[in-house]
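*Asks:* Sequence and predicted model, in that order:
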Amino acid sequence: MSRCSITGYFVQIGTTPVSWKTKKQDTVPYSSAEAEYRAMANATSKVVWLRNLLTCLGFSIPSSILHCDNQVALHIAANTVFHESIKHIEVDCHFVCKELVSGAIITCYTPTTEQIVDMFRKGLGQRQFH
């Protein structure tokens with residue numbers, strides 16, 4: 001049995017789905033916050049790539065909102081001082097923080113029950129799926 005977390009992202013422009021992906025993370029996380037933070041870094045990477053593509057095509061893109069249901073991961077993203085406890089995800093931290101500081105992304109807490117990407121990565125009850 002694998003202890004790797006399932007990561008996923010769902011990118012929309014307005015209300016139109018543009019990109020989505022789910023996969024097992026490559027490493028076993030030390031905590032749920034680490035797993036969520038790695039997912040944030042993965043989603044941020046995709047958003048930055050899409051923003052660059054759309055900019056090359058002549059579109060002006062405002063800040064992108066990155067939804068996350070883990071408040072510890074959001075706190076790590078907002079904190080520019082890195083501590084020993086997050087040393088193993090430091091590269092992801094620098095990348096996400098750089099995009100936050102530049103204004104390319106904005107983080108937002110969204111409860112688990114309202115996460116759209118969860119319909120791709122886990123079995124949901126009928127009410128939550130709808």
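*Replies:* It's in.

*Asks:* now this structure, which segments are flagged as low pLDDT?
*Replies:* 1-4, 27-30, 80-91, 116-130 (pLDDT under 70).

*Asks:* can you do 80?
*Replies:* 1-8, 20-37, 76, 79-94, 112-130 (pLDDT under 80).

*Asks:* What segments of it are helices?
*Replies:* 32-56, 71-78, 90-102, 118-121, 126-129 (DSSP state H).

*Asks:* Name the residues that touch stretch 48-55?
*Replies:* Under the criterion C-beta atoms under 8 Å, 6 or more residues apart in numbering, residues Val11, Val18, Ser19, Ile61, Ser64, Glu99, Ala104 lie in contact with stretch 48-55. No exception for glycine: its C-beta is placed from N, CA and C like everyone else's.

*Asks:* Which one of those is nearest to Tyr37?
*Replies:* Tyr37 has its nearest neighbour among these in Glu99, at 13.2 Å by C-beta to C-beta.

*Asks:* looking at it, that closest one is touching Cys93, isn't it?
*Replies:* No: using C-beta atoms under 8 Å, Glu99 is not in contact with Cys93; the gap is 11.2 Å.

*Asks:* List the residues that contact the closest residue to Gln12 other than its chain neighbours.
*Replies:* Spatial nearest neighbour of Gln12, chain neighbours left out: Val18 (6.2 Å); criterion: C-beta to C-beta, 6 or more residues apart in numbering. Val18 sits next to Val11, Gln12, Leu50 when contact means C-beta under 8 Å, 6+ apart.

*Asks:* who wins for most neighbours among the residues you listed?
*Replies:* Among the contacts of Val18, the one with the most neighbours (other C-beta atoms under 10 Å) is Val11, at 18 neighbours.
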